[in-house]
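>>> just to be clear, the model below is a prediction. Sequence and coordinates:
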Amino acid sequence: MKIKSVHIKNVRGLGDHEVELNMIPNKPSVLVAPNGSGKSSFAFAFQWLNRSRMKMNKNDAYMGDENNSPSMTIKTSEPDLILIADKDRNDIVKRFGIYVINNSLTAVSPGIANGGFAMGKAHLSVPEVVMIDSIPAQVQLVDDFDDVYSLTDAPVGYYPVINDFLSDNKFMAGLDIEALKCTKRPMTQITDFIERSKSYKGTIDVRHSIIETDDYNNLLAINAIAYAIEKFRLKTPETNKAKLLLRAVRLVTLYYRKGDEFKARMDYAEYKEQDQACRKLFAVLKQTWNGIAPHKVGDKVSLKIGDAQRISNGERDIMVFLANLYKAKSKLIKENNILIIDEVFDYLDDANLMAAQFYITQMIKELHKEGRNIFPIILSHLNPDYYNQHYSFKDLKVYYLCPLPHPHASDNMMKLLRKRKELSRAAGHGAEEDISKYMLHFYKDYSKNMSGNIGECPSQWADINVFKQYCIEHLDAYLQNRAYDALAVCVALREIIERRVYIQLQTVEQKDTFLSKHGTSEKLGYAEEQGVDVPEIYYLLGNIYNDPMHVDNKSNKLITQTLYSRMENNTIRSMIKNVKDNIV
């Protein structure tokens, strides 16, 4: 099953917003949006999904108005499966396990003493992360099968004992209590078999052979017996069918007689498995953090850091992330699950970012092995290019919370870049072809006719002055918040910068050398060596006017969205305006 879209209404900053997706299970996805565009609102919508409906407080309602009723709709790839959660219903949690991890740092005030003076320094605090909600009582489950069914005189080993399995936490925690349930009628069939088995004669092997021939298939038709047989087979695959059946009979009848004790033993086994997994997880981290590690506190296990300054930012962030990831695993227990990670990755350093990816990958593997699917959704404000440089996930999928309202890079500009790439390959490594030289960079003379170079681009672009005017017009449109061709803006910006630096060079030789340099950064560096004062902003905008010129729509980068995430930033727009107006 794929998640095709998520539609959210009336949650914080999202009044009515649908994001188109194509998320496949067990593959990490990044949902990108600039700050202030609704990432946290998206995460909050999932946080407010309770068992029966979608309910949030006034502060989280759209426009702060409780009358704006929240809702979420998830469309899947399954025919006619549309899941809805609102104030009256919640179909989503019936099909998906949900867990949200977000940045939990909070500022803590030291308080004010008499006289208006602070009683200490304010500090950042990390809320306690409860990893195990409760520690159940330890229960010793005793199998009294032989006494109950009067088998004390049977040969030793006829009915294999299961005490070792009952004391095995992994085995007990892995049982499905519902699958072991047996109603009165099949239980009568089981007890009849037990009585009949007492009459079988001969050695244990002979009796087991009779059971395999006369009884095995009939009892296998009982769901609880079939389930128990399979659980024992996974632990001891070499065991014959009769022994598997007889162990299953002991287990199913034990649950039937001692249901409450059985369930209590399973709860404790599950806790012990969780505690062991928790310790194993944190054992890979160094143990020099002032004793900071998961601890038992009352009837729960939690990670408590408190003052964030006790440890480094990187140590703090990865510890809190791991604690939440561990807790998420215990909550995501349905066949399909959604894990939302809200901006946590944006603030991890390189090493911890790599570590976090490793732990998510391990979690995906573990859940998948247990028959559970997970959709990890990482919310981020970072530019999509960042993921290619720092994320190591295989087949990482990138989506956009606020996709472009209109095309931001024309097909003609993309054709020009592809043609430039084709000509560059033909010219050989290090050679500069004419599209780069005359059209994508500043040049002193635009009299050359480009008809034989531009391929399927508009024929009027053969006149370079016409092409340059097209780019300037789109720069003006961008600065006036109108629809624009982003790649044309990049060319116009580069043209302005290179022209300004070129005219400051003093000699013809310097200017010719400047034009012979291949990249804008190389040109600017050369000019500085000749004594030209190059404004820092020219370098800072390099990611705008340089990177997009070296990709095409056959690459994995979505150039229009990459540019959008940069150019729609108000500060970037202001910087570009200052360059155009020569206010630098």
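Nice, I can see it.
>>> domains of the chain?
According to automatic domain parsing, the chain comprises the domains 3-104+308-400, 145-257, 411-580.
>>> so which of these gets nearest residue 265?
domain 145-257 (5.9 Å; Cβ to Cβ). C-beta coordinates here come from the backbone N, C-alpha and C atoms, glycine included.
>>> quick one: name whatever helix or strand follows whatever helix or strand residue 472 lives in.
If you go by DSSP states H and E, residue 472 is part of helix 464-479. Note on helix 464-479: by DSSP H and E, the next helix or strand toward the C-terminus is helix 486-502.
>>> centre of the chain versus the helix or strand where residue 231 lies, how much separation?
In the assignment (DSSP H and E), residue 231 maps to helix 223-235. Centroid separation for helix 223-235 versus its chain: 35 Å, with Cα atoms, centre = their mean, to the nearest Å.
>>> now the helix holding residue 472 - C-alpha only, PDB.
Extracted C-alpha coordinates of helix 464-479, given in PDB (Å, rounded to 0.1, in the frame of the first residue of the first chain):
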ATOM      1  CA  ILE A 464      22.200  36.700 -27.800                       C
ATOM      2  CA  ASN A 465      20.900  40.200 -27.000                       C
ATOM      3  CA  VAL A 466      17.300  38.900 -27.300                       C
ATOM      4  CA  PHE A 467      18.100  36.000 -24.900                       C
ATOM      5  CA  LYS A 468      19.800  38.300 -22.400                       C
ATOM      6  CA  GLN A 469      16.800  40.700 -22.500                       C
ATOM      7  CA  TYR A 470      14.500  37.700 -21.800                       C
ATOM      8  CA  CYS A 471      16.600  36.900 -18.700                       C
ATOM      9  CA  ILE A 472      16.500  40.500 -17.500                       C
ATOM     10  CA  GLU A 473      12.700  40.700 -17.900                       C
ATOM     11  CA  HIS A 474      12.300  37.600 -15.700                       C
ATOM     12  CA  LEU A 475      14.700  39.000 -13.100                       C
ATOM     13  CA  ASP A 476      12.400  42.000 -12.900                       C
ATOM     14  CA  ALA A 477       9.300  39.800 -12.700                       C
ATOM     15  CA  TYR A 478      10.900  37.800  -9.800                       C
ATOM     16  CA  LEU A 479      11.700  41.000  -7.900                       C
END
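>>> average pLDDT for it?
Across helix 464-479, the average pLDDT comes to 96.
>>> please name every helix or strand in contact with it.
The contact analysis (3 or more Cβ pairs under 8 Å, 6 or more residues apart in numbering; DSSP states H and E) places helix 464-479 against helix 486-502, helix 570-580.
>>> ok, residues contacting the last one?
With Cβ atoms under 8 Å, 6 or more residues apart in numbering as the contact definition, helix 570-580 has outside contacts at 475, 478-479, 489, 493, 496-497, 537-538, 540-541, 544, 566-567, 584.
>>> who wins for neighbours among those?
The most crowded member of the contacts of helix 570-580, judged by other Cβ atoms under 10 Å, is residue 489 (27 neighbours).
>>> quick one, what contacts that residue?
471, 474-475, 478, 567, 576 are the contacts of residue 489 under Cβ under 8 Å, 6+ apart.
>>> please report the distance of it from residue 542.
Using Cβ to Cβ, to the nearest Å, residue 489 is found at 14 Å from residue 542.
>>> average pLDDT across stretch 142-152?
Here stretch 142-152 scores 89 as its mean pLDDT.
>>> end-to-end on that stretch?
In stretch 142-152, first residue to last residue: 16 Å (Cα to Cα, to the nearest Å).
>>> mind putting the helices and strands packed on helix 464-479 into CSV with mean pLDDT and distance to residue 362?
What follows is those, written out as CSV (pLDDT from 0 to 100; distance: least, Cβ to Cβ, whole Å):
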stretch, mean pLDDT, distance to residue 362
helix 486-502, 95, 39
helix 570-580, 93, 38
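>>> hey, which of the ones you listed is tucked in deepest?
helix 486-502 (a mean of 23; mean count of other Cβ atoms under 10 Å).
>>> could you point out the helix or strand that follows that helix?
Counting by DSSP H and E, the element after helix 486-502 in chain order, helix or strand, is helix 508-516.
>>> which strands and helices sit next to that next one?
Using 3+ Cβ pairs under 8 Å, 6+ apart, helix 508-516 sits against helix 486-502, helix 520-529.
>>> what's next to the helix holding residue 472, contact-wise?
With contact meaning Cβ under 8 Å, 6+ apart, helix 464-479 is reached by 438-439, 446, 448, 450, 460-461, 483-486, 488-489, 491-493, 495, 567, 573, 576-577, 580.
>>> tell me how many other residues crowd residue 237.
The local packing of residue 237 (other Cβ under 10 Å) involves 8 other residues.
>>> ok, residue 211 next?
Neighbour number of residue 211 under other Cβ under 10 Å is 22.
>>> what's the answer for residue 372, then?
19.
>>> re the thing from before, out of the contacts of helix 570-580, which one sits closest to residue 508?
The nearest one, if we look at these relative to residue 508 and count by Cβ to Cβ, is residue 497, at 21.0 Å.
>>> okay, and for the stretch 351-500 of the chain, where does confidence drop off?
383-392, 403-409, 427-432 (pLDDT under 70).
>>> ok, now with 90
For the stretch 351-500 of the chain, the stretches with pLDDT under 90 are 351-363, 365-371, 379-411, 413-415, 417-434, 452-453, 455, 481-483, 485-486.
>>> likewise for the stretch 1-150 of the chain?
1, 10-15, 30-41, 43-45, 47-70, 78-81, 87-89, 93-94, 99, 101-142.
>>> now do 70
Within the stretch 1-150 of the chain, the segments meeting pLDDT under 70 span 103-131.
>>> tell me the angle of the helix holding residue 472 relative to helix 486-502?
When axes from the mean of the first three to the mean of the last three Cα atoms, to 10 degrees is applied, the directions of helix 464-479 and helix 486-502 differ by 110 degrees.
>>> quick one: buried residues of helix 464-479?
By neighbour count on 16 or more other Cβ atoms under 10 Å, the buried set for helix 464-479 is 464, 467-468, 470-472, 474-475, 478-479.
>>> off-centre distance for that helix?
Taking Cα atoms, centre = their mean, the mean C-alpha location of helix 464-479 is offset from the chain mean by 40 Å.
>>> for residue 47, which of the helices and strands packed on helix 508-516 is the nearest?
Proximity of the helices and strands packed on helix 508-516 to residue 47 was assessed by Cβ to Cβ; the nearest stretch is helix 486-502, lying at 34.9 Å.
>>> report the inter-axis angle for the closest one versus helix 570-580.
Inter-element angle recorded for helix 486-502 and helix 570-580: 40 degrees (by the same axes, to 10 degrees).
>>> got the angle between helix 486-502 and helix 520-529?
When the same axes, to 10 degrees is applied, the directions of helix 486-502 and helix 520-529 differ by 20 degrees.
>>> measure residue 353 to residue 31 for me?
Residue 353 sits 17 Å away from residue 31, taking Cβ to Cβ as the criterion.
>>> who's more crowded, the two?
Neighbour count, other Cβ under 10 Å: between residue 353 and residue 31, residue 31 has more, with 23 against 20.
>>> so how far is the helix or strand encompassing the more buried one off the chain centroid?
Assigned by DSSP H and E, residue 31 belongs to strand 29-32. Relative to its parent chain, strand 29-32 has a centroid offset of 7 Å by Cα atoms, centre = their mean.
>>> what pairs with it, parallel or antiparallel?
strand 373-380 (parallel), strand 397-400 (parallel) (DSSP bridges).
>>> check which element follows it along the chain.
Counting by DSSP H and E, the next helix or strand C-terminal to strand 29-32 is helix 39-47.
>>> what lies in contact with that following helix?
So helix 39-47 is contacted by 6, 8, 11-14, 19, 31, 33, 54, 56, 60, 70, 72, 98, 100, 102, 338, 340, 342-343, 379-381, 401 (Cβ under 8 Å, 6+ apart).
>>> in strands, which of those fall?
Residues from the contacts of helix 39-47 lying in strands, with DSSP state E as the criterion: 6, 8, 11, 14, 19, 31, 72, 98, 100, 102, 338, 340, 342, 379-380.
>>> Throw together a ChimeraX command that grabs the buried residues out of those residues.
Selecting the buried subset of the ones in strands among the contacts of helix 39-47 in ChimeraX, with 16+ other Cβ under 10 Å as the burial test, is done by:
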select :6,8,11,14,19,31,72,98,100,102,338,340,342,379,380
